[in-house]
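Asker: Give me a 3D structure for the following:
(one chain, ligands or ions: 1)
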Amino acid sequence: MLLTGVLLVTSVNSFLKVSGQTARVGIFTDCQYCNCETEGARNYTLSLSKLDKCIQVFNSLPLDAVFHLGDMIDHDYRSYDSILPRFQKFLPPLHLVLGNHDYVIKSKYKPGLLEHVGIKEDHYVVDLGAWRFIILNGDDLSFFAPQDKKHKQERNDVVYDQFEHLHINGLPWNGGIGRDQMGWLEKQLDASERARLNVVIVCHFPLFTKPNHNLFNNKEVFNLIARYACVKAYFNGHYHSGDYQLREGIHMVNFKGMVDTENNAFSVVTLTSDSILIKGYGREPNRNLKIRQRAER
Ligand SMILES: [Zn+2]
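Answerer: This is a model prediction of the structure:
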């Protein structure tokens, strides 16, 4: 019995090992579960069976990690009781990205949310061989997540600035990156460039998918990341219909929301030394994206 246990642990570990230049990850977003009626395209209750299928597929593959790009629930703290036990079932390490809906819960639950869902840091780095994932917290400036005085002021300033320029992304269901996190991001990018790693930026909110869904300070973030040749892609959710754009050599992939329609949506993404290969399941399309090499930037 003991031997079986040891063998199992050994085989699982080698199963998940990153091999040099290549990394393979599972991506899904906007699971957005709640026990409520279907509303438009959002089929909230079906998210549980879709998630079960996604777990089954991801666990059958040699993945280095799994990422959920935000909006685990639609609203109601009790919705986490259905989601979190399922999240425990992923065999590869699961990394969570914060979305706006994750904070659509009673105020008394908000300060303890990260601990409840098992997020140690709201922005962080995941290294998989030659690839570095830089995870941003788009709820840093927010109308839903808790804000101290400094962040409230920054949020109001950036939203006011957007309206002044007749941009409509300063809407309550979006979010932004505060000054301190911008400084942290710049340091991560400097270090990644020096280490000659390939970088994927991950955030719940898109930069340019749809004006009324974009990050509050989308242009500021883009202007920073576009300065670095190491940045190969930007992955996000939030806009459920999905999108793809290529901007200054950066592949901007907006993954489709799992909650929409009766059909599932999730992806297996293989990152090699020259490509990002997306195998889409359900509504998510396949993509074969060549990454720009250093000399081309
Ligand atoms: Zn969202």
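Asker: Now do the residue in the stretch 101-250 of the chain positioned nearest to the ion against L94, distance only.
Answerer: Proximity of the stretch 101-250 of the chain to the ion (C-beta to the ion) peaks at H238, 3.9 Å away. In this view, the C-beta of every residue, glycine as well, is placed from N, C-alpha and C. For H238, the distance to L94 (C-beta to C-beta, to the nearest Å) stands at 19 Å.
Asker: Then E37?
Answerer: 29 Å.
Asker: what about stretch 209-219 and the ion, any contact?
Answerer: No: taking C-beta under 5 Å from the ion as the criterion, stretch 209-219 and the ion are apart, separated by no less than 7.9 Å.
Asker: Figure out how far that stretch is from the centre of its chain.
Answerer: Offset of stretch 209-219 from its chain centre (C-alpha atoms, centre = their mean, to the nearest Å): 15 Å.
Asker: near the ion, which residues of the stretch 101-250 of the chain?
Answerer: By C-beta under 5 Å from the ion, the residues of the stretch 101-250 of the chain that approach the ion are H238.
Asker: So which of H238 and L94 has more stuff around it?
Answerer: Counting neighbours by other C-beta atoms under 10 Å for H238 and for L94 shows that H238 has the greater number, 28 against 17.
Asker: circling back to that earlier point, in terms of helices and strands, where is the residue of the stretch 101-250 of the chain closest to the ion?
Answerer: Taking DSSP states H and E as the criterion, no element holds H238; it sits outside all helices and strands.
Asker: my read: it touches G99, true?
Answerer: Yes: the criterion here is C-beta atoms under 8 Å, and H238 meets it with G99 at 6.5 Å.
Asker: Find the residues that touch each one of those two.
Answerer: Where contact means C-beta atoms under 8 Å, 6 or more residues apart in numbering, the residues bridging H238 and G99 through contact with each are 30, 69-71, 204.
Asker: nearest to the ion, of those?
Answerer: The closest of those, once distances to the ion are taken by C-beta to the ion, is D71, at 4.4 Å.
Asker: what's around the residue nearest to the closest one when sequence neighbours are not counted, how many residues?
Answerer: The shortest distance from D71 to any residue other than its chain neighbours is 3.6 Å, reached at G99 (C-beta to C-beta, 6 or more residues apart in numbering). Around G99 sit 30 other residues, with neighbours defined as other C-beta under 10 Å.
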